[in-house]
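*Asks:* Next come a sequence and a model predicted from it.
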Amino acid sequence: MGFRLSKIYTRTGDKGETGLADGRRVGKDHPRIEAIGELDTLNSQLGLLLAELDEAVATWPALKEVSDVLSPCQHRLFDLGGELAMPEYQALQQVEVERLEAAIDSWNEEVGPLENFILPGGSRLIAQAHVCRSLARSSERRCQHLNAVEPLRAEGLAYVNRLSDLLFVAARLIAKRQGIAEVLWRAADKP
């Protein structure tokens, strides 16, 4: 990528369109822009989770591993957004999907099997991991919607799917390493 933004506003989007790197102009509600926006929201919330993890490491040093695994995800989400903005650009590789799978397998072994549905909560960190998980699912839906209109690379679709799984297991691992009981769903009492 040979250029950097030197001017933040251009006024070219004032009428509801934005430009893609290939020169096309599309509506700001185009499925491609919706997917890019959802990935950006996820990346922002992931940044908040990472900042909170970094603060929590002083109290719970074992959380550093979670931060170390999640930190590269911000960069890969940016890569995926770049692929969506520049359809000919290919940055995300299968090895990144495999990296997430290895972490999921390792962490899942530590937390053990699910015994019930889990609700977001227990601590701010756990809840924030679940916010990121739900935004990853939303990003996946937006990417799949775009994929139905304009086919996307399989690596990107797999990555965002695996990231939501990773964030779910990360929330469980954070709870375990903080020594906080997971908030389990309870069915409503039937009258």
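*Replies:* The structure has been received and is ready for your questions.

*Asks:* what residue is smack in the middle of the protein?
*Replies:* Ala136 (4.2 Å; C-alpha atoms, centre = their mean).

*Asks:* helices or strands up against the helix or strand containing that residue?
*Replies:* Assigned by DSSP states H and E, Ala136 belongs to helix 124-149. Applying 3 or more C-beta pairs under 8 Å, 6 or more residues apart in numbering; DSSP states H and E, one finds that helix 124-149 contacts helix 31-56, helix 154-178. C-beta here means a position set from N, CA and C on the backbone, and glycine is covered the same way.

*Asks:* Which of those helices has the highest mean neighbour count?
*Replies:* Highest mean neighbour count of the helices and strands packed on helix 124-149: helix 154-178, a mean of 22 (counted as mean count of other C-beta atoms under 10 Å).

*Asks:* Helix or strand next in line after that helix, which one?
*Replies:* That would be, after helix 154-178 and using DSSP H and E, strand 183-184.

*Asks:* That following strand pairs with which strands, and in what direction?
*Replies:* Using DSSP bridges, the strands paired with strand 183-184 are strand 118-119 (antiparallel).

*Asks:* For the partner strand, the averaged confidence score.
*Replies:* What strand 118-119 shows for mean pLDDT is 92.

*Asks:* got a list of what the nearest residue to Gly122 once chain neighbours are set aside touches?
*Replies:* The shortest distance from Gly122 to any non-neighbouring residue, by C-beta to C-beta, 6 or more residues apart in numbering, is to Ile180 (4.5 Å). Residues in contact with Ile180 (C-beta atoms under 8 Å, 6 or more residues apart in numbering) are 122-123, 126.

*Asks:* Just the closest of those to Val69, please.
*Replies:* Closest approach between the contacts of Ile180 and Val69, by C-beta to C-beta: Ile126, at 16.1 Å.

*Asks:* Tell me, how many residues neighbour the closest one?
*Replies:* Neighbourhood size, Ile126 [other C-beta atoms under 10 Å]: 22.

*Asks:* any idea how far it is from Ile36?
*Replies:* Ile126 sits at a distance of 28 Å from Ile36 (criterion: C-beta to C-beta, to the nearest Å).

*Asks:* And Ala154, by the same measure?
*Replies:* Ala154 is 18 Å from Ile36, by C-beta to C-beta.
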